[in-house]
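S.K.: I'll drop the sequence and a predicted model, then ask my questions.
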Amino acid sequence: MIKIKICGITNVGDAQAAVQAGADALGFIFYKGSPRFMTSAAAAAIIRTVPASVEKVGVFVDPTCELVDEAIAAAGITTLQFHGNEEPNFCRSFGLKVIKGFRVHGEATLAALKNYEREVWLLDTFLPGILGGTGERFDWTLAQRAVRLGGQVMLAGGLTSKNVAAAIQQVQPYGVDVSSGVESSPGKKNHELVRQFIMAARAAVRA
């Protein structure tokens with residue numbers, strides 16, 4: 001079974017719609033530079049409504065230890081996703097499952113993956129000055145090569161209900177991650193697009 005993560009959750013309605021559609025994980029962004037930014041208190045109010053079986057992923061960009069600790073303790077985060085320049089030892093210091101994000105821009109990105117062999121590798125699109133949620137896809141052949149390195153690859157970047165099946169069939173990733181591809185505006189999910197995305201991803205695995 002492929003893991004499906006709906007990222008950039010900002011309200012209870014969107015969280016419930018994603019869970020009901022079959023999402024395995026919800027992402028909450030603790031980076032103030034994002035239009036989907038959440039405080040620990042706001043995320044906690046949503047997370048209290050989410051079943052224990054669904055991963056609650058805190059997304060960070062070069063955070064302090066204090067910020068991560070607060071998100072774990074106050075919000076109930078169960079998985080950590082780091083999308084900046086965090087070193088492996090920092091990522092592993094909190095005792096939780098870690099997803100390490102990489103903005104893919106060629107061979108240098110593939111070379112960096114081996115330093116994070118214990119982590120899930122989330123591969124996203126590189127655009128200057130934008131740290132995710134771009135709505136743009138990258139060259140999936142690089143993701144295929146990452147899979148062949150033996151790590152667990154979570155594919156992100158420009159995925160929608162219209163292309164996620166092709167992405168899964170080509171890359172064979174551990175999981176897929178979507179944010180802007182199922183939104184009506186930044187931070188506001190379109191519940192029908194969420195449902196279509198998850199249905200398409202599940203169908204691709206069964207095909």
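M.R.: It's in.

S.K.: Helix or strand: which one has Ser184?
M.R.: strand 183-185 (DSSP states H and E).

S.K.: Direction included, what does the helix or strand that that strand is followed by pair against?
M.R.: Moving toward the C-terminus from strand 183-185, the next helix or strand (DSSP H and E) is strand 188-189. When sheet partners are counted by DSSP bridges, strand 188-189 sits next to strand 183-185 (antiparallel).

S.K.: tell me the mean pLDDT for the strand it pairs with?
M.R.: Average pLDDT, strand 183-185: 96.

S.K.: cool, and stretch 62-81?
M.R.: 97.

S.K.: ok, then the element right after the strand ranked longest in the chain?
M.R.: In the chain, assigned by DSSP state E, the strand with the most residues is strand 97-104. Downstream of strand 97-104, the first helix or strand assigned by DSSP H and E is helix 107-113.

S.K.: which of the residues in that following helix are buried?
M.R.: 109-110, 113 (16 or more other C-beta atoms under 10 Å). C-betas here are computed from N, CA, C, even on glycine.

S.K.: For the strand holding Ser184, buried residues please.
M.R.: Neighbour counts over strand 183-185 (16+ other C-beta under 10 Å) mark Glu183 as buried.

S.K.: so how far is it from its chain's centroid?
M.R.: Between the centre of strand 183-185 and the centre of its chain there are 17 Å (C-alpha atoms, centre = their mean, to the nearest Å).

S.K.: One more: stretch 190-198?
M.R.: Stretch 190-198 has its average C-alpha position 16 Å from the chain's average C-alpha position, going by C-alpha atoms, centre = their mean.

S.K.: number of nearby residues for Met154?
M.R.: Met154: 25 surrounding residues under other C-beta atoms under 10 Å.

S.K.: ditto for the one 5 residues further on
M.R.: Neighbours of Leu159 under the rule other C-beta under 10 Å: 24.

S.K.: just to confirm, which helix or strand has it in it?
M.R.: Going by DSSP H and E, Leu159 is not in any helix or strand.

S.K.: Right, I'll leave it there.
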